[in-house]
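Asks: okay, structure incoming, though there's no sequence with it:
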């Protein structure tokens, strides 16, 4: 039997992931992302004046996964919606750290909902992205 987090075991304001998991923004990761999404954005192939290479902004959907995996619900859950606010670009070579917090727990039409906030910083503590995820929790046996 796969372990999952019970809805009633979570509390609003609960912060998790201490320490936050790290994610290496490597050339290989960016290359695989660009190939799989068929992203041909020219700016992602250029370097800045100081020699930095941009990572695709929506790589955010990849580096927050480890945060979400720590609060896995029972089967039948639905990823309702997700949004990101980009504070500055991530660059190849950076290490990113994503922390998360349970913002809101509520019931709607007989289903449990969980809103979570994420915050991602780089190795210098600079804010890269913040986000919000709404999940419809799976039915618990």
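Replies: Cool, the structure landed. The structure displayed is predicted, hence computed values, not measured ones.
Asks: list the buried residues for the strand ranked longest in the chain?
Replies: The single longest strand within the chain, with elements called by DSSP state E, is strand 95-108. Within strand 95-108, the residues scored as buried using 16 or more other C-beta atoms under 10 Å are 96-102, 105. Any C-beta I mention is one placed from the backbone N, CA and C, and that applies to glycine too.
Asks: same question, stretch 71-80
Replies: 71, 73, 77.
Asks: again with stretch 11-26
Replies: For stretch 11-26, the buried set under the neighbour-count rule, 16+ other C-beta under 10 Å, comprises 17, 20-21, 23, 25.
Asks: and the longest strand of the chain, which strands flank it?
Replies: Strand pairing for strand 95-108, using DSSP bridges, gives strand 15-16 (antiparallel), strand 22-24 (antiparallel), strand 111-122 (antiparallel).
Asks: how far off centre is that strand?
Replies: Centre-to-centre, strand 95-108 and its host chain are 9 Å apart (C-alpha atoms, centre = their mean, to the nearest Å).
Asks: now do stretch 38-53
Replies: The answer for stretch 38-53 is 22 Å, by C-alpha atoms, centre = their mean.
Asks: now do the buried residues in that stretch.
Replies: 44, 53.
Asks: let's number from 674 now, not from 1
Replies: New numbering, starting at 674: the last item is stretch 711-726.
Asks: got the end-to-end distance for that stretch?
Replies: For stretch 711-726, the first-to-last residue distance is 18 Å (C-alpha to C-alpha, to the nearest Å).
Asks: and stretch 734-745, by the same measure?
Replies: Distance across stretch 734-745, first residue to last, is 16 Å (C-alpha to C-alpha).
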